[in-house]
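**Q** 3D, please:
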Amino acid sequence: MILSIKDLAAGYGKFRVLEDVDITIKPDEIVALIGPNGAGKSTVLKSIFGLTTNYGGKIIYRDKNITKLNTSELVRLGISYVPQGRQVFSSLTVKENLEMGAFITDDKVLIKKKMKDVFAKFPVLKEKTNQYGFALSGGQQQMLAMGRALMQDPQLLLLDEPSLGLSPKLTKEIFQKIIDINKERTAVLIVEQNAKQAIKIAHRTYVLEDGKVALTGGKNIVNNPKIKSIYLGGR
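**A** Predicted structure coming up:
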(Lines give C-alpha, C1' and ligand atoms only; values in the text may rest on other atoms or scores of the structure.)
Protein backbone atom coordinates (compact mmCIF):
# COMPACT_ATOMS: atom_id res chain seq x y z
CA MET A 1 0.00 0.00 0.00
CA ILE A 2 1.16 3.53 -0.70
CA LEU A 3 -1.30 4.90 1.88
CA SER A 4 -3.08 3.31 4.80
CA ILE A 5 -5.43 5.25 7.07
CA LYS A 6 -6.43 3.39 10.22
CA ASP A 7 -9.02 4.45 12.82
CA LEU A 8 -8.60 8.12 11.91
CA ALA A 9 -10.45 10.63 14.06
CA ALA A 10 -9.95 14.22 12.92
CA GLY A 11 -11.50 17.65 12.65
CA TYR A 12 -10.85 21.30 13.33
CA GLY A 13 -10.01 22.41 16.85
CA LYS A 14 -12.72 20.95 19.08
CA PHE A 15 -15.02 20.19 16.12
CA ARG A 16 -14.70 16.50 15.33
CA VAL A 17 -15.59 15.52 11.75
CA LEU A 18 -14.13 12.04 11.20
CA GLU A 19 -14.44 8.98 13.41
CA ASP A 20 -12.70 5.60 12.92
CA VAL A 21 -12.03 6.10 9.21
CA ASP A 22 -10.12 3.31 7.44
CA ILE A 23 -8.91 3.83 3.84
CA THR A 24 -6.17 2.15 1.80
CA ILE A 25 -4.64 3.04 -1.56
CA LYS A 26 -2.29 0.96 -3.69
CA PRO A 27 0.48 2.65 -5.72
CA ASP A 28 -1.31 2.12 -9.04
CA GLU A 29 -4.84 3.01 -7.92
CA ILE A 30 -7.38 5.77 -8.31
CA VAL A 31 -9.54 5.74 -5.19
CA ALA A 32 -12.70 7.88 -4.99
CA LEU A 33 -14.39 9.36 -1.94
CA ILE A 34 -18.06 10.18 -2.44
CA GLY A 35 -20.87 11.10 -0.09
CA PRO A 36 -23.27 13.90 0.84
CA ASN A 37 -22.14 17.42 1.69
CA GLY A 38 -20.69 17.59 5.19
CA ALA A 39 -19.80 13.90 5.28
CA GLY A 40 -16.11 14.64 5.85
CA LYS A 41 -14.68 13.89 2.40
CA SER A 42 -12.52 17.00 2.14
CA THR A 43 -11.45 16.56 5.76
CA VAL A 44 -9.91 13.19 4.83
CA LEU A 45 -7.70 14.88 2.24
CA LYS A 46 -6.80 17.72 4.59
CA SER A 47 -5.95 15.21 7.33
CA ILE A 48 -3.52 13.41 5.05
CA PHE A 49 -1.97 16.76 4.12
CA GLY A 50 -1.55 17.92 7.71
CA LEU A 51 -4.27 20.57 7.68
CA THR A 52 -6.54 19.28 10.45
CA THR A 53 -6.47 18.39 14.12
CA ASN A 54 -5.97 14.64 14.37
CA TYR A 55 -7.36 13.15 17.59
CA GLY A 56 -6.55 9.50 16.98
CA GLY A 57 -5.58 6.83 14.50
CA LYS A 58 -2.67 6.63 12.08
CA ILE A 59 -1.86 7.72 8.54
CA ILE A 60 0.87 5.55 7.05
CA TYR A 61 2.49 6.57 3.76
CA ARG A 62 4.99 4.17 2.22
CA ASP A 63 5.51 2.45 5.60
CA LYS A 64 6.15 5.80 7.34
CA ASN A 65 3.85 7.26 9.98
CA ILE A 66 3.04 10.75 8.66
CA THR A 67 0.20 11.56 11.08
CA LYS A 68 2.04 14.44 12.72
CA LEU A 69 4.20 15.71 9.85
CA ASN A 70 3.75 19.23 8.51
CA THR A 71 2.73 20.05 4.96
CA SER A 72 6.19 20.90 3.61
CA GLU A 73 7.55 17.56 4.85
CA LEU A 74 4.65 15.74 3.18
CA VAL A 75 5.33 17.45 -0.16
CA ARG A 76 8.97 16.39 0.03
CA LEU A 77 7.86 12.81 0.69
CA GLY A 78 5.82 12.81 -2.53
CA ILE A 79 2.29 13.91 -1.60
CA SER A 80 0.60 16.76 -3.50
CA TYR A 81 -2.80 18.32 -2.83
CA VAL A 82 -5.10 20.24 -5.18
CA PRO A 83 -7.72 21.96 -3.02
CA GLN A 84 -11.28 22.68 -4.02
CA GLY A 85 -11.96 25.84 -6.00
CA ARG A 86 -9.11 25.98 -8.55
CA GLN A 87 -6.80 27.99 -6.31
CA VAL A 88 -4.28 29.45 -8.74
CA PHE A 89 -2.24 32.62 -8.32
CA SER A 90 -4.37 34.96 -10.44
CA SER A 91 -1.75 37.71 -10.69
CA LEU A 92 0.97 35.31 -11.88
CA THR A 93 1.40 33.84 -15.35
CA VAL A 94 0.91 30.16 -16.11
CA LYS A 95 4.69 29.71 -16.16
CA GLU A 96 5.10 31.48 -12.82
CA ASN A 97 2.30 29.43 -11.27
CA LEU A 98 4.04 26.23 -12.32
CA GLU A 99 7.37 27.48 -11.00
CA MET A 100 5.67 28.10 -7.65
CA GLY A 101 4.80 24.40 -7.59
CA ALA A 102 8.48 23.46 -7.83
CA PHE A 103 9.45 25.17 -4.57
CA ILE A 104 11.06 22.01 -3.22
CA THR A 105 13.98 22.24 -5.66
CA ASP A 106 16.42 24.90 -6.89
CA ASP A 107 17.56 22.75 -9.82
CA LYS A 108 16.61 24.84 -12.88
CA VAL A 109 17.24 21.97 -15.28
CA LEU A 110 14.90 19.73 -13.28
CA ILE A 111 12.25 22.46 -13.08
CA LYS A 112 12.43 22.91 -16.85
CA LYS A 113 12.02 19.15 -17.36
CA LYS A 114 9.04 19.00 -15.00
CA MET A 115 7.42 21.93 -16.78
CA LYS A 116 7.92 20.19 -20.10
CA ASP A 117 6.19 17.10 -18.66
CA VAL A 118 3.27 19.23 -17.43
CA PHE A 119 2.92 20.88 -20.85
CA ALA A 120 2.86 17.42 -22.45
CA LYS A 121 -0.08 16.48 -20.19
CA PHE A 122 -1.85 19.83 -20.59
CA PRO A 123 -1.00 21.28 -24.03
CA VAL A 124 -3.39 24.20 -23.49
CA LEU A 125 -1.15 25.43 -20.66
CA LYS A 126 1.80 25.62 -23.05
CA GLU A 127 -0.31 27.78 -25.36
CA LYS A 128 -1.15 30.05 -22.41
CA THR A 129 2.35 30.13 -20.88
CA ASN A 130 2.48 33.91 -20.51
CA GLN A 131 -1.18 34.51 -19.68
CA TYR A 132 -2.18 35.44 -16.16
CA GLY A 133 -4.15 33.06 -14.00
CA PHE A 134 -7.21 35.31 -13.88
CA ALA A 135 -7.44 35.26 -17.70
CA LEU A 136 -7.86 31.47 -17.90
CA SER A 137 -11.17 29.68 -18.16
CA GLY A 138 -12.40 27.55 -15.25
CA GLY A 139 -11.23 24.37 -16.92
CA GLN A 140 -7.82 25.84 -17.71
CA GLN A 141 -7.45 27.03 -14.11
CA GLN A 142 -8.20 23.50 -12.90
CA MET A 143 -5.57 22.11 -15.27
CA LEU A 144 -3.11 24.71 -13.99
CA ALA A 145 -3.82 23.79 -10.37
CA MET A 146 -3.24 20.13 -11.21
CA GLY A 147 -0.15 20.94 -13.25
CA ARG A 148 1.31 22.96 -10.38
CA ALA A 149 0.83 19.96 -8.07
CA LEU A 150 2.51 17.69 -10.64
CA MET A 151 5.58 19.96 -10.63
CA GLN A 152 6.30 18.35 -7.25
CA ASP A 153 6.53 14.94 -8.97
CA PRO A 154 4.09 13.32 -6.49
CA GLN A 155 3.60 9.63 -5.90
CA LEU A 156 0.23 10.39 -4.31
CA LEU A 157 -2.06 13.11 -5.69
CA LEU A 158 -4.98 14.37 -3.59
CA LEU A 159 -7.77 16.02 -5.62
CA ASP A 160 -10.69 17.86 -4.02
CA GLU A 161 -13.69 18.34 -6.34
CA PRO A 162 -11.75 18.76 -9.62
CA SER A 163 -14.95 18.97 -11.70
CA LEU A 164 -16.67 21.60 -9.54
CA GLY A 165 -18.36 24.24 -11.71
CA LEU A 166 -17.13 22.78 -15.00
CA SER A 167 -19.19 21.96 -18.07
CA PRO A 168 -19.84 18.27 -18.90
CA LYS A 169 -17.30 18.47 -21.73
CA LEU A 170 -14.56 19.92 -19.51
CA THR A 171 -15.46 17.49 -16.72
CA LYS A 172 -14.90 14.59 -19.10
CA GLU A 173 -11.56 16.07 -20.15
CA ILE A 174 -10.40 16.57 -16.56
CA PHE A 175 -11.32 13.00 -15.65
CA GLN A 176 -9.38 11.68 -18.65
CA LYS A 177 -6.35 13.68 -17.48
CA ILE A 178 -6.66 12.02 -14.06
CA ILE A 179 -6.65 8.59 -15.73
CA ASP A 180 -3.56 9.58 -17.75
CA ILE A 181 -1.75 10.81 -14.63
CA ASN A 182 -2.56 7.55 -12.83
CA LYS A 183 -1.22 5.49 -15.73
CA GLU A 184 2.19 7.01 -15.02
CA ARG A 185 2.05 5.32 -11.62
CA THR A 186 0.81 8.23 -9.57
CA ALA A 187 -1.76 7.08 -7.03
CA VAL A 188 -4.81 9.35 -6.88
CA LEU A 189 -7.29 9.96 -4.07
CA ILE A 190 -10.19 12.00 -5.42
CA VAL A 191 -13.10 13.64 -3.61
CA GLU A 192 -15.90 14.24 -6.05
CA GLN A 193 -19.58 15.21 -6.05
CA ASN A 194 -19.98 13.76 -9.54
CA ALA A 195 -20.36 10.27 -8.11
CA LYS A 196 -21.07 8.51 -11.38
CA GLN A 197 -17.91 9.83 -13.07
CA ALA A 198 -15.79 9.22 -9.98
CA ILE A 199 -16.91 5.59 -9.69
CA LYS A 200 -16.31 5.12 -13.41
CA ILE A 201 -12.62 6.06 -13.26
CA ALA A 202 -11.84 4.73 -9.78
CA HIS A 203 -10.47 1.28 -9.03
CA ARG A 204 -12.23 1.47 -5.65
CA THR A 205 -14.74 3.82 -4.06
CA TYR A 206 -15.44 4.73 -0.45
CA VAL A 207 -18.76 6.26 0.59
CA LEU A 208 -18.56 8.58 3.59
CA GLU A 209 -21.57 9.44 5.74
CA ASP A 210 -21.45 11.45 8.97
CA GLY A 211 -17.68 11.20 9.17
CA LYS A 212 -17.53 7.42 8.80
CA VAL A 213 -17.04 4.94 5.96
CA ALA A 214 -20.51 3.62 5.21
CA LEU A 215 -19.71 1.55 2.14
CA THR A 216 -16.80 0.53 -0.04
CA GLY A 217 -16.43 -1.42 -3.26
CA GLY A 218 -15.15 -1.61 -6.82
CA LYS A 219 -16.87 -0.40 -9.98
CA ASN A 220 -19.87 -2.61 -9.22
CA ILE A 221 -20.68 -0.33 -6.28
CA VAL A 222 -22.62 1.72 -8.82
CA ASN A 223 -25.26 -1.04 -8.79
CA ASN A 224 -25.82 -0.78 -5.05
CA PRO A 225 -29.44 0.38 -4.49
CA LYS A 226 -28.32 2.93 -1.93
CA ILE A 227 -25.81 4.46 -4.32
CA LYS A 228 -28.42 4.59 -7.08
CA SER A 229 -31.09 6.24 -4.98
CA ILE A 230 -29.00 8.78 -3.08
CA TYR A 231 -26.05 9.66 -5.33
CA LEU A 232 -27.22 8.87 -8.84
CA GLY A 233 -30.77 10.15 -8.63
CA GLY A 234 -32.29 6.69 -8.90
CA ARG A 235 -30.71 6.01 -12.30
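**Q** for the rest of this, base every contact and every neighbour count on C-alpha atoms.
**A** Will do.
**Q** residue boundaries of the strands in the chain?
**A** 3-12, 15-25, 30-34, 53-61, 64-65, 79-82, 156-160, 187-191, 204-209, 212-217 (DSSP state E).
**Q** just checking, what packs against the lengthiest helix in the chain?
**A** Determined from DSSP state H, the single longest helix within the chain is helix 168-183. In terms of contacts (3 or more C-alpha pairs under 8 Å, 6 or more residues apart in numbering; DSSP states H and E), helix 168-183 is packed against helix 138-150, helix 195-201.
**Q** any idea of the pLDDT on the residue nearest in space to the middle of the chain?
**A** For the chain, the residue nearest the mean C-alpha position is residue 159 (1.5 Å; C-alpha atoms, centre = their mean). Predicted confidence (pLDDT) for residue 159: 97.
**Q** hang on, the earlier thing: contacting residues around the longest helix of the chain?
**A** Residues outside helix 168-183 that contact it (C-alpha atoms under 8 Å, 6 or more residues apart in numbering): 28-30, 121, 139, 143, 162-163, 188, 197, 201.
**Q** so what touches stretch 120-138?
**A** Counting by C-alpha under 8 Å, 6+ apart, 86, 88-95, 97, 119, 140-141, 143-144, 147, 165-166, 177 sit against stretch 120-138.
**Q** try stretch 33-44
**A** Contacts for stretch 33-44 (C-alpha under 8 Å, 6+ apart): 10-11, 17-18, 52, 160, 189-193, 195, 198, 205-212, 231.
**Q** give me the number of neighbouring residues for the residue nearest to residue 17 when sequence neighbours are not counted.
**A** Leaving aside its chain neighbours, residue 17 sits nearest to residue 11 (4.7 Å; criterion: C-alpha to C-alpha, 6 or more residues apart in numbering). Neighbour count of residue 11, defined by other C-alpha atoms under 10 Å: 22.
**Q** ok, what's across the strand from residue 11?
**A** For residue 11, the residues forming beta bridges with it (DSSP bridges) are residue 16, residue 53.
**Q** if we can go back for a sec, rebuild the strands of the chain as TSV, extending it with distance to residue 105.
**A** Listed next are the strands of the chain as TSV, based on distance: least, C-alpha to C-alpha, whole Å:
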stretch	distance to residue 105
strand 3-12	24
strand 15-25	27
strand 30-34	27
strand 53-61	22
strand 64-65	22
strand 79-82	15
strand 156-160	18
strand 187-191	22
strand 204-209	33
strand 212-217	37
